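Participant: with the sequence up front, the predicted model follows.
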There are 2 protein chains.
Amino acid sequence: MTPHPSSLPLQSWVQEIRLSEPSLKDNTADADRLWLALAARLGPSEQHPSTDWDILYSLPDMLRKSAYAVQAVLFHDTFRPVLVDILPLADPSPVYGIAVDLGTTRIVIRLVDLKTRSVCGETAFDNPQIAIGPDILSRVHYSSNIDGGLERLQQDAIDGLNREIAGLCLAAGSNPERVFLMSVSGNTTMSHFFLGLSPYHLIREPYIPVVNRPPIVSANQLGLKLRPTAKVFVFPNIGSYFGGDLISGILHSGLHRREETALLVDVGTNAEVVLGNASWMMACAGAAGPALEGGVTRMGMMAGAGAIDRVDIHPETGQLVIHTIGDQKPKGICGSGIIDLAACLFRKGFIDVRGKLVPSACGNRLMDREGILAFRIVDASDSATGEALFLTQADIDSLIRSKAAMYTILETLTATVGMTPQELQSVLIAGTFGMFINPVSAITIGMIPDLPLERYRAIGNSSLEGATLVLIQPEVMTEIPNIQRNITYMELNVNADFMNRFSAAKFLPHTDPKLFPSVNRKPIDNADGPVAN
Amino acid sequence: MTPHPSSLPLQSWVQEIRLSEPSLKDNTADADRLWLALAARLGPSEQHPSTDWDILYSLPDMLRKSAYAVQAVLFHDTFRPVLVDILPLADPSPVYGIAVDLGTTRIVIRLVDLKTRSVCGETAFDNPQIAIGPDILSRVHYSSNIDGGLERLQQDAIDGLNREIAGLCLAAGSNPERVFLMSVSGNTTMSHFFLGLSPYHLIREPYIPVVNRPPIVSANQLGLKLRPTAKVFVFPNIGSYFGGDLISGILHSGLHRREETALLVDVGTNAEVVLGNASWMMACAGAAGPALEGGVTRMGMMAGAGAIDRVDIHPETGQLVIHTIGDQKPKGICGSGIIDLAACLFRKGFIDVRGKLVPSACGNRLMDREGILAFRIVDASDSATGEALFLTQADIDSLIRSKAAMYTILETLTATVGMTPQELQSVLIAGTFGMFINPVSAITIGMIPDLPLERYRAIGNSSLEGATLVLIQPEVMTEIPNIQRNITYMELNVNADFMNRFSAAKFLPHTDPKLFPSVNRKPIDNADGPVAN
């Protein structure tokens, strides 16, 4: 196959084109006339754009009515350009695209004006598939075991998208008929559900997707109620465990464009990590996230009003100071709060290097919860639920496994290319994890390497940003196959060193304190006053 | 756009492929695994094959059930390969294609075994659109003026094809479900009808087709009852007057592969002529045929039982000797018979160099038919109709205009590249005209240049042969855009010399006898005995 062109010379997916009028001396057909004009725009290395027959049926009238002055709406499936639609040049209405971050739990969509190349709106909603199964595995089983299960999962996502897109368009004073393009970034299983492809083999050895690089698909065919000609691009995946959301994230991060080696970390249910630069990329993923998501710790909750999202030690009193989202009475604790809390407990000596609660330090905050030691964070009188909020030893153990997994992933990955985590010059942290966790706390518990803070950068919802980029900067489309091609995916569970490293990383911050010089292992304060709100 | 590869390295459209089985070390997705294997077959210059979503939906099960040993049915739209279907390697049934010569009057189809690369059957039937209009123009008006007219024209052709294809498959012990590919060669208007594209602008200045190079189309979409995945290739056209049938004919003739300059002539309603070689081709077309088709002369008829198809002068008696198809009593005269007859009449001095009947020579065979001179070919007692068969002066005048047009086209075309018709080394004559006319007669009346007979070669139904070639020799597919690109089409009605040359060519054989040295201008015999049968 032809090596892919390095860039697409389009500024926008909407191209204004004035065709020369046909004459006896130039009797090129209508469609071929248009394709020739597009070829000039697309550049010499691009293929002939694929064109639906419906466009050909209406083209002769359309061209003559618009006096051969048109707007061509283009797209690209990373293999080949696609002519999506043709509008009169004089059509003043906006031409929209929708960028989708198709999360297992949340779906975020953006309305993008393809002509001005700007974001016009954004909304998020719970993935309607949650009603069928909260996690990926239960949905995969549903799709395989229930007749029509796959169709139901696909339909639920599509219905949700149709509803939310209509709302987003309405808010922008338009309607879904003006949505011509959609780019969808999701993990491999979510992408399979979205496309109606069976996920059966995704969860069975040797974990094979139906397709790595899905061809562009008609919105119509998926049941999406957009412009009838609308086309949908779904980011390619590299395997069951490395999805289009990560490819999209890399695209946004620019990792694949940098000379300097950098690390990209995206923590969701899995921690997905990519190390690399413009020449090569190594990726791996592991289950490092569960302890940070709602539902795993007994008091854990999704980030939301009343969730404890930050915990500090008061610099003067030495007391734990908690902060809740919305400054409401606390009703639970979210991921960033748990990491902060664990770091504070460690710094105060309430938990030791093995992550065990130290009764002598915890004093009356230590309680027995159904036979398990627990640390009382909030008294019953101060909580929104009327019950005290606790962090149990089991919760802490779970967190330690997660943080150890995360650090081990980074260590194993860097070791593969002869680096240590400490040599990383740039760490890009994607997702809400990156936006909200306090890196000092994460370093304190040894979750991430002890680097100068300026080497860390939060890059937001990189999956959504990558999907947006594809709509706003056509030229990035051709970078996607290069990203996909340049990534070497490393299976952690076949890596012999992983378990040794993992055991060493299960200490706070690590069995080797030299790796975390900034972490003050001596509790800074033993004061045990009441928690200030 | 990328310059097109010069050849496609496939021996057959059906490729046997044994995929490596996926493993933890090779977790390439099912579709991408197949595409990679296809890339190796298609060669480095070919694009990623386009693949319908229906194939992706069924691929995972299909691959596993067939233990990754499959037959891939491929096709190509001259832009890009197409993956048409995937079958288990063990599937023993034939994989068929249908080649179609989509004539205005007759449609000829062939059943082609794509694996053995051989023709398994052929049939011909009248174009059902004749019921709507006998000629192209009446059908174009019907399609523009009658609501649903275009759809009706399309449907009639498709219905006829469905019926005849089913019959052809049945005769081969199979059924249309086993037809995966179709290649269609027709003039530009017939191709537009077939594809459901409006022919409105084809007949209006500046005569613009909807499309020159139609993308490949689903058989389903056209209403063809073949394999649901079947794909249809329609030969590209160069303009309203130079259709896919000519491109197909050139492909069959090999004109575009020869070093030596040759001439290709295809006479139907129009005479379509191409002069050229591997480096360049000049083409033009003109109304040279009508006098040769049934319905134009009063006694004219299509070639069929009872038609006078050959006329000779008996070498001993000097009498006219007529031959009829099926050796039946004559009931009319077809094109080859008219040319023979005119040549004989000229050689016998019954018509003069201006093509006028010579009363003194014709004697009692000359009659008055409604005020017009007429030559009696067959007496009432000898004809199948019970009435005498005549050739009128008007018929002869019409033939002379046609033959003059034909010769002038050849002369103008050769002159454009600095040649004379007499310098032609190779003349390929396509169609029934080429199969049945006597070149000596055609030379005698000055219709074609006076060349040694061995320079003429009849190449049969080149439109059908070209359509067949595309199914049997995949590598020719990529020659088609080169043919299309290399042809310069010359508009005769804007050529200043044409009318002068035309006037000179309206004599028998020509005003300049030096151009036809082999033609004996002196009547060889003045005997006027009865016509022998």
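Facilitator: Received it, and whenever you're ready, just let me know what you need. Remember, predicted model here, so these are calculated numbers, not experimental data. Residues are numbered from 1 along each chain as shown, chains lettered A, B, ... in the order given.
Participant: tell me, please, the helix or strand in chain A that averages the lowest pLDDT.
Facilitator: helix A:431-436 (a mean of 77; mean pLDDT, DSSP states H and E).
Participant: pull that helix out as PDB, backbone CA atoms only.
Facilitator: What follows is helix A:431-436, C-alpha atoms only, in PDB (Å, rounded to 0.1, in the frame of the first residue of the first chain):
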ATOM      1  CA  GLY A 431      -8.300  13.200  31.900                       C
ATOM      2  CA  THR A 432      -9.900  14.300  35.100                       C
ATOM      3  CA  PHE A 433      -7.200  12.600  37.100                       C
ATOM      4  CA  GLY A 434      -4.700  15.000  35.600                       C
ATOM      5  CA  MET A 435      -7.000  18.000  36.100                       C
ATOM      6  CA  PHE A 436      -7.700  17.400  39.800                       C
END
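Participant: low pLDDT regions in chain A?
Facilitator: A:1-6, A:268-269, A:287-300, A:493-494, A:520-533 (pLDDT under 70).
Participant: quick one on the thing from earlier: buried set for the least confident helix or strand of chain A?
Facilitator: By 16 or more other CB atoms under 10 Å in any protein chain shown, the buried positions in helix A:431-436 come out as A:G431, A:T432, A:F433, A:G434, A:F436. Using the backbone N, CA and C atoms, a C-beta is placed for each residue, glycine as well.
Participant: same check, this time on stretch A:325-333
Facilitator: Across stretch A:325-333, burial judged by 16+ other CB under 10 Å covers A:I325, A:P330, A:K331, A:G332, A:I333.
Participant: of these, closest to chain B?
Facilitator: A:I333 (37.6 Å; CB to the nearest CB).
Participant: thought the closest one was touching A:M301?
Facilitator: Yes. At 6.8 Å, A:I333 and A:M301 qualify as touching, with contact defined as CB atoms under 8 Å.
Participant: which neighbours do those two share?
Facilitator: Residues touching both A:I333 and A:M301 (CB atoms under 8 Å, 6 or more residues apart in numbering or on different chains): A:A307.
Participant: returning to that earlier point: in strands only, show me the buried residues of stretch A:325-333.
Facilitator: Of the positions in the buried residues of stretch A:325-333, A:G332, A:I333 sit in strands, assigned by DSSP state E.
Participant: any chance of the buried residues of stretch A:325-333 in TSV, plus distance to A:N482?
Facilitator: TSV is the format used below for the buried residues of stretch A:325-333 (distance: CB to CB, whole Å):
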residue	distance to A:N482
A:I325	40
A:P330	47
A:K331	47
A:G332	43
A:I333	42
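Participant: got phi/psi on A:A31?
Facilitator: The phi and psi torsions at A:A31 (degrees, to the nearest 10) take the values phi -70, psi -40.
Participant: check contacts around it.
Facilitator: So, once contact is read as CB under 8 Å, 6+ apart, A:A31 ends up touching A:T51, A:I55, A:L56, A:L59, B:V210, B:V211, B:N212, B:R213.
Participant: if we go to 6 Å?
Facilitator: Contacts for A:A31 (CB atoms under 6 Å, 6 or more residues apart in numbering or on different chains) come out as A:L56, A:L59, B:V211.
Participant: same question for A:V210.
Facilitator: Applying CB under 6 Å, 6+ apart, the residues contacting A:V210 are A:L197, B:D30, B:L56, B:P60.
Participant: over to A:Y200?
Facilitator: A:S144 are the contacts of A:Y200 under CB under 6 Å, 6+ apart.
Participant: what about it, distance to A:I146?
Facilitator: 13 Å (CB to CB, to the nearest Å).
Participant: ok, A:R258 next?
Facilitator: Distance, A:R258 to A:I146, using CB to CB: 46 Å.
Participant: A:V353 now?
Facilitator: 48 Å.
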